[in-house]
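**Q** Predicted structure and sequence below. I'll ask about it afterward.
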Amino acid sequence: MLAKSTKMIYEVYNSLVLAGDQGEKALQRGLVDILVKEATPIGRSYMIVIEVKNRAGSINDLSQLAGYRAELGDECAATLLAARKFTERMKQEARKSGIGLIRWDLNLVGSKALNYEGLENVFTFSLIEL
């Protein structure tokens, strides 16, 4: 079962690419932090909008994501807000808006400089259940 799940995740991961050369993608409503799209779309191209905040998430962030989703229309498959923390009110509003929440944290121990490979050991991500 695990091997099958891993293969499925690998196939999905390899079918996605970042839209935009510099990591951000300009829309009429603003700059999307991360816009993920299918590498080889068949018919309509579906996208995932991810907004990343270096602070607690806010209601304004949800409004920002809702605006991006409205601009992309049916091609927007999902919207996600990644932030350091969320209030209960934020979670309720995200649930109503259909926006996913991801909590991230950076666990630095000591003042040792990290290379790129070392970052994966200090970042933690958790999907907030709504």
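**A** Noted; the coordinates are in hand.
**Q** so where's the chain uncertain?
**A** For the chain, the stretches flagged by pLDDT under 70 are 1-24, 26, 109-112, 114, 116, 119, 130.
**Q** The same query, at a cut-off of 50, please.
**A** Within the chain, the ranges that satisfy pLDDT under 50 run 1-13.
**Q** contacting residues around the spatially most central residue of it?
**A** For the chain, the residue sitting closest to the mean C-alpha position, by C-alpha atoms, centre = their mean, is Ile50 at 3.3 Å. Taking C-beta atoms under 8 Å, 6 or more residues apart in numbering, we find Ile50 in contact with Val32, Asp33, Ile34, Leu35, Val36, Thr79, Leu80, Leu81, Ala82. (Each C-beta comes from the backbone N, C-alpha and C, glycine too.)
**Q** hmm, try it at 6 Å
**A** Ile34, Leu80 (C-beta atoms under 6 Å, 6 or more residues apart in numbering).
**Q** does it sit in a helix or strand, and which one?
**A** strand 47-52 (DSSP states H and E).
**Q** Tell me which helix or strand comes right after that strand.
**A** In N-to-C order, the element after strand 47-52 by DSSP H and E is helix 59-72.
**Q** Give me the buried positions along that next one.
**A** In terms of neighbour count (16 or more other C-beta atoms under 10 Å), helix 59-72 has its buried residues at Asp61, Leu62, Gln64, Leu65, Gly67, Tyr68, Arg69, Leu72.
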